[in-house]
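Undergrad: Compute the structure for the input listed below.
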Amino acid sequence: MLQSIANIFKVPDLKKKVLFTAFILVIYRLGSYIPIPGINAEVLSNFLGAAAQSGGGNLFGMFDLFVGGNLGKASVFALGIMPYITTSIVIQLLGGVIPFFEKLKKEGAEGQKKIAQYTRYGTVVIAAFNAIGITMFLMNGVEGAVANPGFLFVVTSIITMVTGVMIVMWLGEQITENGIGNGISLIIFAGIIARYPAGFINMFQMIKIGEMSIFLAVAVILVMIAVTASVVLVTEGVRKIPVQYAKRVIGRKVYGGQKTHIPLKVNSAGVIPIIFAQSILMFPSTIATFFPESGFWNAVVAALSPGAFIYTLLYVALIVFFAYFYTAMVINPIEMAENMKKYGGFIPGRKPGKKTADYINSILVRITLPGAIFYAFIAVLPQFLQNWANLPFYFGGTGLIIIVGVALDTLQQIESHLVTRHYDGFMKKGKLRSRRG
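TA: Numbers count the residues shown, from 1 in each chain. The predicted structure is shown next:
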């Protein structure tokens with residue numbers, strides 16, 4: 001492993017990309033400490049503290065988790081990159097139901113450029129709505145958070161937060177173009193991972209003062225390692241559908257005849273179902289913050305609090321539902337079958353066309369269920385760790401899945417650079433390829 005890391009700095013182009021990525025991420029984290037004028041960050045941090053430690057409680061607490069605590073620190077990057085992510089998901093979903101976006105997806109590089117441009121425009125709109133909502137919430141929902149509420153504060157905070165989103169989006173695009181890995185994903189990765197050092201320090205302090213035994217701490221660390229390994233396994237898990245291409249003779253050349261496969265992920269929807277489920281279940285709690293004296297809303301909050309039986313039951317059910325829903329939106333078996341038929345491909349034992357589409361769909365239905373159930377377990381894991389070990393930081397849920405996914409994607413890109421230059425990479429297959437080279 002150490003040799004593989006050293007190899008990174010032996011490839012000039014890769015070294016430049018890695019250092020550039022690190023530099024941009026440092027800039028992002030430094031920007032997290034620049035406050036929005038007129039906000040008492042200490043009051044806001046105390047308000048969101050409990051939600052941040054438990055992974056939520058209302059939408060603002062969940063939002064703060066994804067932006068690396070920037071909302072709790074009232075920084076200029078308070079909205080993080082979430083408006084961009086929201087816009088990307090919406091446009092991706094629209095691509096399955098609106099012909100205009102579906103046509104753009106099929107236009108190749110030019111279509112992707114147009115989609116990226118529409119995504120930027122949508123990001124500004126959603127960021128403005130988010131900034132307005134958060135500004136109103138700070139003025140009316142968190143007592144003492146705003147020193148001098150008024151028109152000037154509203155305009156200043158909205159402009160500052162929207163500008164912060166655009167800067168973060170630009171930083172992410174710079175990483176994608178000039179660095180290593182997906183810049184937007186790495187921005188989220190940096191925000192989530194930034195919480196862990198302070199969490200581990202708190203855990204060691206609890207051991208020191210006797211609030212947590214050393215044996216429990218070791219058990220927690222072993223559980224974290226096992227859970228992380230299982231997330232890696234499921235994230236990388238695919239069901240390979242064999243595809244055979246018929247031979248075609250054109251002139252003196254023979255085309256086709258090769259065998260390949262269609263890799264279907266165990267959970268094609270990834271972390272999206274958990275985000276959707278969390279958003280729906282936390283929405284009532286967010287509304288309840290505006291009615292602190294209402295008995296009805298207090299009862300709703302109690303029933304839908306993390307750890308409550310109704311909350312857990314609905315949470316798991318919604319994750320499974322959205323896993324199927326999102327998979328159906330992003331994977332079209334009919335289109336896959338038509339493309340195979342168009343280029344002379346077929347699945348052995350299946351007729352091209354509808355029979356092939358039905359076969360692909362039946363496999364998707366079967367492999368999505370275990371993937372969705374596993375991700376649902378990961379989603380409720382933080383509540384279990386809180387109850388079992390009183391863990392002083394948030395482990396599991398969307399954060400862990402995002403961290404694993406982004407880390408694997410970035411490592412695979414680094415691996416590709418190393419193997420191309422005939423250096424040993426991080427993975428066994430990479431080492432075998434490099435030796436053959």
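
Undergrad: Please export the alpha-carbon coordinates of stretch 408-416; PDB is fine.
TA: In PDB, the C-alpha atoms belonging to stretch 408-416 read as follows (Å, rounded to 0.1, in the frame of the first residue of the first chain):
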ATOM      1  CA  LEU A 408     -13.900   3.700  -4.600                       C
ATOM      2  CA  ASP A 409     -14.400   5.800  -7.600                       C
ATOM      3  CA  THR A 410     -11.400   8.000  -6.900                       C
ATOM      4  CA  LEU A 411      -9.200   5.000  -6.200                       C
ATOM      5  CA  GLN A 412     -10.200   3.400  -9.500                       C
ATOM      6  CA  GLN A 413      -9.200   6.500 -11.400                       C
ATOM      7  CA  ILE A 414      -5.900   6.600  -9.600                       C
ATOM      8  CA  GLU A 415      -5.500   2.900 -10.300                       C
ATOM      9  CA  SER A 416      -6.100   3.500 -14.000                       C
END
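
Undergrad: Now do the buried residues in it.
TA: Neighbour-count burial for stretch 408-416, counted by 16 or more other C-beta atoms under 10 Å, picks out Asp409, Thr410, Leu411, Gln413, Ile414, Glu415. Bear in mind the C-beta positions are built from the backbone N, C-alpha and C, glycine included.

Undergrad: so, if you compare the residues you listed, which one comes nearest to Ser32?
TA: Comparing those against Ser32 with C-beta to C-beta picks out Thr410 as the nearest, at 20.8 Å.

Undergrad: The helix or strand containing that closest one: how far from the chain's middle?
TA: Following DSSP states H and E, the helix or strand that holds Thr410 is helix 397-420. Centroid displacement of helix 397-420 relative to its chain, using C-alpha atoms, centre = their mean, to the nearest Å, is 12 Å.

Undergrad: What ranges in the stretch 201-350 of the chain fall below the confidence cut-off?
TA: Residue ranges of the stretch 201-350 of the chain with pLDDT under 70: 247-257, 285-294, 306-307.

Undergrad: which stretches of it form helices?
TA: Secondary structure of the stretch 201-350 of the chain (DSSP state H, counting those that start in this stretch): helices located at 214-236, 272-288, 295-303, 309-330, 333-342.

Undergrad: for the ones you listed, which one ends up most surrounded?
TA: Neighbour counts (mean count of other C-beta atoms under 10 Å) averaged over each of the helices of the stretch 201-350 of the chain peak at helix 272-288, with a mean of 20.

Undergrad: Let's see that helix as PDB, backbone CA atoms only.
TA: Output of helix 272-288 as PDB, limited to C-alpha atoms (Å, rounded to 0.1, in the frame of the first residue of the first chain):
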ATOM      1  CA  ILE A 272     -30.800   8.400  -3.400                       C
ATOM      2  CA  PRO A 273     -33.600   6.300  -1.800                       C
ATOM      3  CA  ILE A 274     -32.200   7.100   1.700                       C
ATOM      4  CA  ILE A 275     -32.100  10.800   1.000                       C
ATOM      5  CA  PHE A 276     -35.700  10.800  -0.300                       C
ATOM      6  CA  ALA A 277     -36.900   8.800   2.700                       C
ATOM      7  CA  GLN A 278     -35.100  11.000   5.200                       C
ATOM      8  CA  SER A 279     -36.500  14.200   3.500                       C
ATOM      9  CA  ILE A 280     -40.100  13.000   3.700                       C
ATOM     10  CA  LEU A 281     -39.900  11.800   7.300                       C
ATOM     11  CA  MET A 282     -38.100  14.900   8.500                       C
ATOM     12  CA  PHE A 283     -40.400  17.300   6.800                       C
ATOM     13  CA  PRO A 284     -43.100  17.100   9.500                       C
ATOM     14  CA  SER A 285     -40.400  17.700  12.200                       C
ATOM     15  CA  THR A 286     -39.200  20.800  10.300                       C
ATOM     16  CA  ILE A 287     -42.800  22.200  10.100                       C
ATOM     17  CA  ALA A 288     -43.200  21.500  13.800                       C
END
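
Undergrad: what packs against that helix?
TA: Helices and strands touching helix 272-288, as assessed by 3 or more C-beta pairs under 8 Å, 6 or more residues apart in numbering; DSSP states H and E, comprise helix 59-66, helix 295-303, helix 309-330, helix 354-389, helix 397-420.
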